[in-house]
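Undergrad: Okay, sequence plus prediction incoming.
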Amino acid sequence: MTDRLHRQFLPSGCMAALALIAGLLAGRVHAADSNNPTGSTGLIAIAKQGAKIQFFDPVSRKLLVSLPVESNPHELAIAPDHNTAYVTIYGPGVYGANPTPNHKILVVDLASRSVTDTIDIAPYVAPHGIQIDAQGLLYVTSEVARKLLVIDPKSKKIVDAIDTETSGHWVALLPDASKAYISGKDDKPYIAVIDLKARRIIHRIAAPRGTEGIAASPDGKHVAVAEHFAPALMLIDTVTDEVIAQAALKDYPATRPNLNHQVRVRYTLDGLRILTSYFVSGLVSIIDADNLKAQTIVPVIKGPMGFAFAPDGKTALIASQDWGTICVVDMSGRPHYVEDFDAGGGVETLAFY
């Protein structure tokens, strides 16, 4: 009774602080957005080049477990309770050249660090982008079928297959799961906006230079999208679905026309900054989310891809697909490269949990 009375009269801010402290004491910190996870229990990395799922100690960064899997594991989603991870198995090819695409999503138990099940999405193939909502439903792009699959992982059933029109390379899910935004590389000159209640496309946002990495802000108010054929970033208002800001990414080396410039996009945990990776030149841009022209360039290692943020937000990890390492960037003060450690293979995506 005393505990209930204390909770009843504590200000909401105090309750939130207590919840955060409880999470820290439990060894886990759950971000408000399930698709921007963090935590202090472990670090999982998907080595696309090495066809492995890797587990590291989140503090010492020592490799703990390496699980061989089928060729080209790609993307990662972590369940809201941080007990399970889901990994898309794309197939042995790459975008536009994947003659024998796979049709599986691996179910990974994070406590035992083992693959415990498989979700078969056939007849749909080439699963790539993956997101998860607060109830645990998965949203997976099938690149070849041009569908966004809604999957119940408990029953392993496909609840719906929504037309995306574009190839659907990556997907950004709003935190309230009201809408999904689909990028398509060079396939269509627009971003497809899907109403997840109506299960259909409701907007096509013009993007004539193609689209690459895409991410929703933690508060769901914005979606940031990297252009495919230009070192540039677009910011979308998720109420109007209009582009409200655009900026070239400064200090990027000059390259030949029609070159894929950057790959990944990720908001920091607090939503104040946006990170983009410049794959071919080994650069990461750290951008003020309220002023896209305020940018800091951090040289890392060739082939940077996915990002992960430590629970305190002071450290970012950047996967290097080309060099098989993971770079450590200090985000406090002026962001800068600190060191890198062996990832046991070319990692595309990773996360603390």
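TA: Structure received. Because the structure is a prediction, the values reported are computed rather than measured.

Undergrad: and residue 153, how many neighbours does it have?
TA: Burial measure for residue 153: 18 neighbouring residues, criterion other C-beta atoms under 10 Å. Placement of C-beta: from N, CA and C, glycine included.

Undergrad: isn't it right next to residue 86, touching?
TA: Yes: counting by C-beta atoms under 8 Å, residue 153 touches residue 86, with 6.7 Å between them.

Undergrad: Which pLDDT value goes with residue 259?
TA: Per-residue confidence (pLDDT) for residue 259: 71.

Undergrad: ignore the last one, residue 161
TA: pLDDT at residue 161 comes out at 98.

Undergrad: That one touches residue 145, doesn't it?
TA: Yes: Residue 161 is in contact with residue 145 according to C-beta under 8 Å; the separation is 7.4 Å.

Undergrad: shared neighbours of these two, anything?
TA: Counting by C-beta atoms under 8 Å, 6 or more residues apart in numbering, the contacts common to residue 161 and residue 145 are residue 124.

Undergrad: which residue sits closest to residue 109 in space, ignoring its chain neighbours?
TA: Taking C-beta to C-beta, 6 or more residues apart in numbering, and ignoring the residues beside it in sequence, residue 109 has residue 116 as its nearest neighbour in space, at 4.6 Å.

Undergrad: To which secondary structure element is that neighbour assigned?
TA: With secondary structure defined by DSSP states H and E, residue 116 is part of strand 114-120.

Undergrad: gap between the very next helix or strand once past that strand and the chain center?
TA: Going down the chain from strand 114-120, the next helix or strand is strand 127-132, by DSSP H and E. On the basis of C-alpha atoms, centre = their mean, to the nearest Å, strand 127-132 sits 9 Å off its chain's mean C-alpha point.

Undergrad: what pairs with strand 127-132, and is each one parallel or antiparallel?
TA: strand 138-142 (antiparallel) (DSSP bridges).

Undergrad: Run the chain-centre distance for the partner strand.
TA: Here the centre of mass of C-alpha atoms in strand 138-142, compared against the chain's by C-alpha atoms, centre = their mean, lies 13 Å away.

Undergrad: The strand holding residue 116 pairs with which strands?
TA: Applying DSSP bridges, strand 114-120 is found paired with strand 104-109 (antiparallel).

Undergrad: Residue 92 contacts residue 73, doesn't it?
TA: No: between residue 92 and residue 73 there is no contact, the gap being 11.2 Å when judged by C-beta under 8 Å.

Undergrad: between these two, which one's more packed in?
TA: Taking residue 92 and residue 73 together and counting by other C-beta under 10 Å, residue 73 has the greater number of neighbours (25 against 15).

Undergrad: Identify the residues contacting that one.
TA: Residue 73 sits next to 46-48, 51-53, 87-90, 106 when contact means C-beta under 8 Å, 6+ apart.

Undergrad: ok, so of those, who is nearest residue 324?
TA: The shortest gap between residue 324 and any of those belongs to residue 47, at 7.7 Å (C-beta to C-beta).

Undergrad: Find the helix or strand that the nearest residue to that closest one once chain neighbours are set aside is a member of.
TA: Take residue 47 and drop its neighbours on the chain: the residue closest to it by C-beta to C-beta, 6+ apart is residue 345, 3.4 Å away. Residue 345 is part of no helix or strand when elements are defined by DSSP H and E.

Undergrad: cool, residue 204 as well?
TA: Residue 204 is located in strand 200-206, with elements delineated by DSSP H and E.

Undergrad: Distance from the chain centre to that strand, please.
TA: On the basis of C-alpha atoms, centre = their mean, strand 200-206 sits 21 Å off its chain's mean C-alpha point.

Undergrad: which residues make contact with that strand from outside it?
TA: With contact meaning C-beta under 8 Å, 6+ apart, strand 200-206 is reached by 162-165, 179, 189-195, 236, 241-243.

Undergrad: In the stretch 151-300 of the chain, mark out all the strands, start to finish.
TA: Counting by DSSP state E, counting those that start in this stretch, the stretch 151-300 of the chain forms strands over residues 157-163, 170-173, 179-183, 190-195, 200-206, 211-216, 222-227, 232-237, 242-248, 265-267, 273-278, 283-288, 291-299, given from the N-terminal end onward.

Undergrad: for the stretch 51-200 of the chain, which spans come out with low pLDDT?
TA: For the stretch 51-200 of the chain, applying pLDDT under 70 flags no range at all.

Undergrad: mind redoing it with 80?
TA: Across the stretch 51-200 of the chain, the ranges flagged by pLDDT under 80 are 93, 96-97.
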